[in-house]
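J.: Need a 3D model of the following:
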Amino acid sequence: MCVNQAATVFSQTALRTKSLTVWWGTPVEMVAACCRLHRDGKITQQEFQAAIRRLEELREGWAEVSPAERVRELAQGLVESHPLRAADAMQLAAALVWSAASPRGRPFVSLDQRLAATAADEGFEVLTL
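T.: Residues are numbered from 1 along each chain as shown. Coordinates of the predicted model:
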């Protein structure tokens, strides 16, 4: 969403028609990804700075699911029943809170196959490449 990559067009298209709700920790994950790309020499300093500016623009328009006991409880259950990493479980748990535990027909965007598969198992309409 912030760096020009193969998935950029998909991400922008998927989000163009939908409002965006994210997990409270998403900005940290996004900055970490941008830093990793910069450290690995895959983006320049200028591209890194542009990505961080784009992230700040996105943050102005999105809604966030705050950390709460219910998110943690759901995330713990998800890692017990699915092969998810902790951060991915938090993302999905936040989406379940957002959907009021009624994910059927609600969109979930992920480029991570494991997270996308689990979100689909939980009932979300998964938008992925």
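J.: Name the SS class of residue 52, please.
T.: helix (DSSP: H, G, I helix; E, B strand; the rest coil).
J.: isn't it right next to residue 31, touching?
T.: Yes: with contact defined as Cβ atoms under 8 Å, residue 52 reaches residue 31; the gap is 7.0 Å. For the C-beta atoms, the positions are set from N, CA and C on the backbone; glycine is no exception.
J.: Residue 22 falls within a strand, correct?
T.: Yes: according to three-state DSSP, residue 22 belongs to a strand.
J.: which ones are touching it?
T.: 62, 63, 64, 65, 94 (Cβ atoms under 8 Å, 6 or more residues apart in numbering).
J.: Now list the buried members of those residues.
T.: 64, 65, 94 (16 or more other Cβ atoms under 10 Å).
J.: Among the residues you listed, which lie within strands?
T.: Members of those lying in strands (criterion: DSSP state E): 64, 65.
J.: How are the strands of this protein distributed by residue range?
T.: Remark: strands assigned in the chain by DSSP E are 21-23, 63-65, 107-109, 125-127.
J.: Same list, those, but as CSV with mean pLDDT and distance to residue 116 please.
T.: Converted to CSV, these look like this (pLDDT from 0 to 100; distance: least, Cβ to Cβ, whole Å):
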stretch, mean pLDDT, distance to residue 116
strand 21-23, 93, 15
strand 63-65, 95, 18
strand 107-109, 91, 7
strand 125-127, 91, 5
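J.: How is this protein divided into domains?
T.: Annotated domains of the chain cover 24-64, 69-127 [automatic domain parsing].
J.: ok, residue 50 to residue 26 distance?
T.: The gap separating residue 50 from residue 26 is 19 Å, by Cβ to Cβ, to the nearest Å.
J.: from what I can see residue 70 touches residue 97, true?
T.: Yes: at 5.7 Å, residue 70 counts as touching residue 97 under the criterion of Cβ under 8 Å.
J.: Tell me how far residue 127 lies from residue 108.
T.: According to Cβ to Cβ, residue 127 stands 7 Å off from residue 108.
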